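Undergrad: Below is the structure, and that's it, no one-letter string:
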DNA sequence: CGGCTGATGTGGACAGTGACCACATACGCT
DNA sequence: AGCGTATGTGGTCACTGTCCACATCAGCCG
């Protein structure tokens, strides 16, 4: 094999490896060294692309938000935007649970409004606003912002419940119906 | 000072120290060794009281749920149960944000339904059901479970939004009104 | 075409961590 | 009083994140 000295796209490869690790072992402490090994590069190479371990996680979070944004944009184009959004989000939450957990634990990162995370987060919220407007028609800015925030809360809450609800909840039909809740909020019900 | 060989209540002291650390530096990786130092005990003493580092975190999560349970029980006794619950929860979320984050990140622990965490979680949910019934009167089990789950979702969602909402959200009045949402869910609206 | 400069990757080192081991100490019961 | 066991200690290991000086390469300017 022709292992060149310069990897060529280490940054991308590292992020991919990180997501892979997250998927495979969700309780992941996510070792930087291990990622480097995985990619076939020396221990310190990652430091040329990230400020440190946190940097990788930050990048992951940002990527998570960007993916959510894409989901929302796709939902906007459908006939029933909220319905599509909710089901896409649920699918994402199911298949990428650890990423979403990272995203939701980010309270400390991205405090700086100019950070990559904050940017991605704002774009996601903007996309959410558009979804709400696609569902409910023309609204004042205040209305659509407020409703979008409500929808976001529902998505977060129901997802959290689904991943670690109480015992009784896991029997069929007790988890709240995210779709109807979200729709009623979006429509100003 | 009379440092005895046996601490006497190491377990409690360690948990207290952990909560302290969590409060003081929220982005805490929570080092077991550091906790031991803090309490003035050798590196390995904690292993007599916890299976390992995760054990401490598990204990913290369980304690978090127990505290929430107390909140809910107190709310039940008031004239407006949901209102009290929501405001108590908000206060808890504000003052103990890192603990709540830990609690919400627990998806991997407490999978075992006999674990301390699962027990505490179930008690919290039961207390929530009682709150809902105090607000809405007699209900079928299915109804109250379902509504309690909805309230839980709202609490989680709005809290998450409050800790890391998008930029636009942080201006006044855009965060959804948890109280009215929760009340309308509890009442079957 | 050739050499220089900066970006990228390497090897070595250090402190800090979680976890295990064997051993020391003290508490509580008989 | 004496013994068994719960509790605490010191030593050690593998591993991690991060920094340092140095090696290698890519692309540009002459």
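TA: Thanks, I have it. Given the structure is predicted, the values throughout are model-derived calculations rather than measurements. Numbering: from 1, shown residues only, chains lettered A, B, ... in the order given.

Undergrad: Next, name the residue at the spatial heart of chain A.
TA: Per CA atoms, centre = their mean, the C-alpha nearest to the average position across chain A is that of residue A:64, at 3.6 Å.

Undergrad: Go ahead and confirm residue A:159 touches residue A:90.
TA: Yes - between residue A:159 and residue A:90 there is a contact under CB atoms under 8 Å: 7.3 Å. (Glycine included, C-beta is placed from N, CA and C.)

Undergrad: Would you mark the buried spots in stretch A:60-79?
TA: By 16 or more other CB atoms under 10 Å in any protein chain shown, the buried positions in stretch A:60-79 come out as A:60-69, A:71-72, A:75-76.

Undergrad: so which of those residues also contact DNA strand C?
TA: With CB under 7 Å from any atom of the strand as the criterion, the buried residues of stretch A:60-79 include none near DNA strand C.

Undergrad: Just send those back as TSV, with pLDDT too.
TA: Shown next, in TSV, are the buried residues of stretch A:60-79 (pLDDT from 0 to 100):
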residue	pLDDT
A:60	95
A:61	94
A:62	94
A:63	95
A:64	96
A:65	96
A:66	97
A:67	97
A:68	97
A:69	98
A:71	98
A:72	98
A:75	98
A:76	98
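
Undergrad: Near DNA strand D, which residues of chain A? Just list them.
TA: A:4-6, A:30-34, A:43-44, A:47, A:52-54.

Undergrad: What about these, which one has the most neighbours?
TA: residue A:32 (20 neighbours; other CB atoms under 10 Å in any protein chain shown).

Undergrad: so how far is residue A:45 from it?
TA: 10 Å (CB to CB, to the nearest Å).

Undergrad: what's the helix or strand for the closest residue to residue A:168 other than its chain neighbours?
TA: Leaving aside its chain neighbours, residue A:168 sits nearest to residue B:145 (6.0 Å; criterion: CB to CB, 6 or more residues apart in numbering or on different chains). Assigned by DSSP states H and E, residue B:145 belongs to helix B:141-164.

Undergrad: Now that helix: buried residues?
TA: B:144-164.

Undergrad: in the very next helix or strand once past it, what's buried?
TA: Downstream of helix B:141-164, the next assigned helix or strand under DSSP H and E is helix B:178-186. Across helix B:178-186, burial judged by 16+ other CB under 10 Å covers B:178-179, B:181-186.

Undergrad: What of stretch A:87-95?
TA: In stretch A:87-95, counting by 16+ other CB under 10 Å, buried: A:88-90, A:92-93.

Undergrad: Looking at these, spot the one nearest chain B.
TA: residue A:93 (10.8 Å; CB to the nearest CB).

Undergrad: hang on, the closest one packs against residue A:100?
TA: Yes - using CB under 8 Å, residue A:93 is in contact with residue A:100, at 5.4 Å.

Undergrad: Spell out which residues are contacts of both of these two.
TA: The contact sets of residue A:93 and residue A:100 overlap at residue A:159 (CB atoms under 8 Å, 6 or more residues apart in numbering or on different chains).

Undergrad: hmm, back to that, which other helices and strands does the helix holding residue B:145 contact?
TA: helix A:141-164, helix B:81-95, helix B:97-104, helix B:116-136, helix B:178-186 (3 or more CB pairs under 8 Å, 6 or more residues apart in numbering or on different chains; DSSP states H and E).

Undergrad: Cool, thanks, talk later.
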